[in-house]
Structure formats: C-alpha cells, structure tokens
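**Q** Coordinates only, no sequence provided:
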C-alpha cells in the first residue's frame, strides 16, 4: 500500500538505481548496452527573416561543436517555406538553398545529422489547406527537397510539417506527402507529426487515422510536449505545473499508442525555461538559472522516454532562440537544462541506426496510475454530475486524505477524464474502494475515449458493480476485459454512475487506480 502512494517518484528512484546497475553489468561484460534512442536539439534561426526583422540564419559551426561536445548529434532545423520557395510550385531560391546546403556541410564535416522542417506551418501567412496553399503545393516543395537531399547521408530524414492542425492531416494530407516523397526517395526516413490540438494544446495529439499501412516504410511518428499552462512553451506564468510528473502525464497517451502499434516514435519538441532573456545570431543572454522544479519535471519526462526507447530533440538552441533555450550564454555558461538532458543521451549516436533497429519488445509500466487518493492526480479532471463532494472527511479510506461522497439520485456519477490516456495492453484493470450506506445501492462503470472529433465518448460494455458490504470499505477491481474492448484500446477516462434514476442515499469512493499489467 505504501508503494502506491509514492507514485512516479518510485519510477525515478528505480530508474536511477537501474542505470547504475546497468553500467556495472556493462563494465563486467554481463549486459549488452542497447539503449536504443538518441537525443538532439531543435535549432532556431532559419525562419527568423519572414517578418522582416532579424535575418534568417542557420546555426554556425561553433554552435554545432558545443552541442556535439555534450553528446548531442542530431538537429531538427526549421526553414521558411516561403523563403525557400517564394512562388508556389516553382524552383527554389538559390541563395536560401545554398544557406541550407552550407549548414548540411557543417554537419557532415562533424559527423552530425539534420532533419529540416517547415516553420512556421503556413506559406506567407496562409495556412495549409487555404487558397492556393494546397497539399499539392506542399507536396511539390517536398518532392523537390527530397530530390535534392536523397543522396545526402547527413540529412537523415524528412520532417513533413511543424505542429499540423488540420482535420485532414492524419488521413489525407500526410499520406499525400508520403506518396509524393516516396516517388522520388523510397528509402530515407520520414518524420510524421501527429495532428495537434492547436496552439497551447500540443499534448492533445490526435492519433486516430495516422497512416499505419504496411506500404509506408521508414516512418517515425512524433509529437510535441510542453509543461506549462496552457501547453504552448511560452512559460509566461512562472512555475505553474500541477506536479513535476506533468511531462510524463502529457506524454502518456502518445507513448502508449507507440507501444501498442509497435512503431518508432520521437518527441520532436520538449523544453523548459533556463534563464534566457534575449538573443542574437551568435548567442543568447540572461542568467543561467531557473526554478529547479522544472528540471525535475524534465528529468522525469526523459526517464519515461528512456524506458520506452523514444528519441527526441530538445526545443531549442541556436541563433536568437527563446525562453527554453539550452545553448550557452554569451559568456560561455551552460544553461541548467543541459545538465539534465545529458543524463539521457542513450547509446544511439546516429538517428539512422536508431530508426533502422528493430522495434523493442513491449515494455510494461512499473507502477499503477493513481487517479485519486484524496486529491486528483496526473492532471486528470473530475467532471461528473449530481451532488458530489471530492473532499469529504466523513468516511476516508486509510492512507488517503479525503474521499468522494456522491448522493445517488437521478443517474448521478463521478467521472474522471484525461490526460493522460492509457492502453489496455499495458494496464489491466481499474480498482477503487467503495463505502456504501446500503447493500441495495446499485452502481455501474463505463470507460471513455476521445473520438476523431475530440469528443469524449463512452465505449464498450457497461459493467455493473455488486455491492457486498454496507457501512465499511470494500475494494472493487474491474478488469478491462469486462468492457469487451480489443486489447490495446486507448482510453482516457471512466465514470462510476448510479444504475437507476431513483434516490438511493449517499455512497463514498476512494483510491481510484489504473493497475499495470503484471507480466
């Protein structure tokens, strides 16, 4: 019981210990070091000139030397579509393309890797899918760029689009780009961004409809994660996370989806503040300090990616940069995030080696997912209906701080929604404690998921919960098989509801937990 309440910090402590043990075993020749992921950095600069302000520049060689010295070998680099291709469906601007080529040459000289991505996600202010900015126009640009770089090994992948936010992205726009690129380059990996929830909601990635057809080879799926509120990476409000587990929680659904579908996945952006105040084409300034709780949140987030062999590029570094900058200050000091990131480098220094390696076997969570133990955990929200008290003290299960009191009347219910989402492949049941006031009370449970229209809907069977004892606490365990769902179904919430519309008196609930599979 005590272990349950330690929560994600058990994962953190076990991971720290496991890493030390693994190092000892490797040194003794008893364990093969196959930590199959890489870490890199997103680099600013290449699209800065689109608003007529600072000129667009790509990171100079000394920036690459700094990051390589830290063990960071791969760079996600934004370029301005409108500067590369000033007229749609037309040849590239020779000067801008030469700037990209010069950056690739700097990477090649240092045995580093780059994947270019169009930033911002529009052309001259017009979003994709509007007017002349069609998916065919974007496909034209990408087929030209793929033809240019298909034989350049330092350009290891094509990163289709930054933070897509269009209802047709997963099912039509993205696959159209895949077909176009594969017509000119059937081999090089393609990074396929999930459709996002839009500005400030990057962790609400839309996974339905992502192309998993076997005809698409060498595809890596990626999503972005920020820990502030809203999740836009601006960090305008100081430390405002509900918990240092916020990064783990926001990545949970994406990670579960990757494991269930046995595909390669990648965290394209993640970052925390590090004291940045301003920057120019050469360096950034501002104190190299931050709130240390952000460092803990980043550390936990990366331990979770490590566990599931998910690669990623930190946002950001390079010219100009912004609040999450991880490059050195103008006086040559490291930002505080660097000490965290360099503890999670993995052993795959080449993204090509990582992408071409087999997908690792399914790894199961090491801990249950606590939803409520007197307080709501992991960013869940309670949005049931009827008379409810989430901080009741009349009857409290031992070890919890409060319980949930519900007056059973007119189909009243306690309901929890996500983030984070969870998969029935990795988790086996929902458990909770119930304190009925009468054995005649009737309740039932239903699970929910978010559909393609971002609506929270019920799925599967309703499960009736038998009331055995009145006036005392009893544990209820509901295996996911009871809901009649296929193994691997991605869920994001559940409710416990009165099973009829009559008045049945009060009932208390406590310690809602989603239990990991024990294998």
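**A** Ah, there it is. Computed from a predicted structure; not experimentally measured.
**Q** Spit out the contact partners of residue 374.
**A** The contact partners of residue 374, by C-beta atoms under 8 Å, 6 or more residues apart in numbering, come to 391, 396, 400-403, 510. The way it works is simple: take the backbone N, C-alpha and C, and place the C-beta from them, glycine included.
**Q** For the chain, which segments count as helices?
**A** Using DSSP state H, the helices of the chain run over 2-6, 8-27, 61-69, 81-84, 94-109, 135-149, 174-184, 246-261, 292-307, 336-341, 351-356.
**Q** What subset of the contacts of residue 374 is buried?
**A** By neighbour count, with 16 or more other C-beta atoms under 10 Å, the contacts of residue 374 hold 396, 402-403, 510 as buried.
**Q** Show me the two of the residues you listed that sit farthest apart.
**A** Using C-beta to C-beta, the buried ones among the contacts of residue 374 reach their maximum pairwise distance at 402 and 510, which is 7.9 Å.
**Q** any residues in contact with both of those two?
**A** Residues touching both residue 402 and residue 510 (C-beta under 8 Å, 6+ apart) are 374, 396.
**Q** Show me the shaky parts of the chain.
**A** Residue ranges of the chain with pLDDT under 70: 1-36, 52-53, 197-205, 348-349, 419, 451-456.
**Q** Residue 127 versus residue 180, what's the distance?
**A** Distance check for residue 180 against residue 127: by C-beta to C-beta, to the nearest Å, it reads 19 Å.
**Q** quick one, which of those two is more surrounded?
**A** residue 180 (19 against 13; other C-beta atoms under 10 Å).
**Q** need the contact list for the residue most central in space within the chain.
**A** Central residue of the chain (C-alpha atoms, centre = their mean): residue 251, 3.4 Å from the mean position. The contact partners of residue 251, by C-beta under 8 Å, 6+ apart, come to 203, 223, 225, 267, 301, 304-305, 420.
**Q** out of those residues, who has the most neighbours?
**A** Top of these by neighbour count (other C-beta under 10 Å): residue 223, with 30 neighbours.
**Q** ok, that residue touching residue 267?
**A** Yes: counting by C-beta atoms under 8 Å, residue 267 is a contact partner of residue 223 at 6.7 Å.
**Q** hey, where'd the strands end up in the stretch 251-400 of the chain?
**A** 265-271, 278-279, 284-285, 311-317, 369-372, 381-382, 388-392 (DSSP state E, counting those that start in this stretch).
**Q** quick one: the second one to chain centroid distance?
**A** Here strand 278-279 is found 27 Å from its chain centre; the criterion is C-alpha atoms, centre = their mean, to the nearest Å.
**Q** if we can go back for a sec, return the member of the contacts of residue 374 nearest to residue 481.
**A** Among the contacts of residue 374, and counting by C-beta to C-beta, the member closest to residue 481 is residue 510, at 24.3 Å.
**Q** Now the closest one: closest residue in space, sequence neighbours ignored.
**A** Computed as C-beta to C-beta, 6 or more residues apart in numbering, the closest residue to residue 510 that is not its neighbour in sequence is residue 397, at 3.8 Å.
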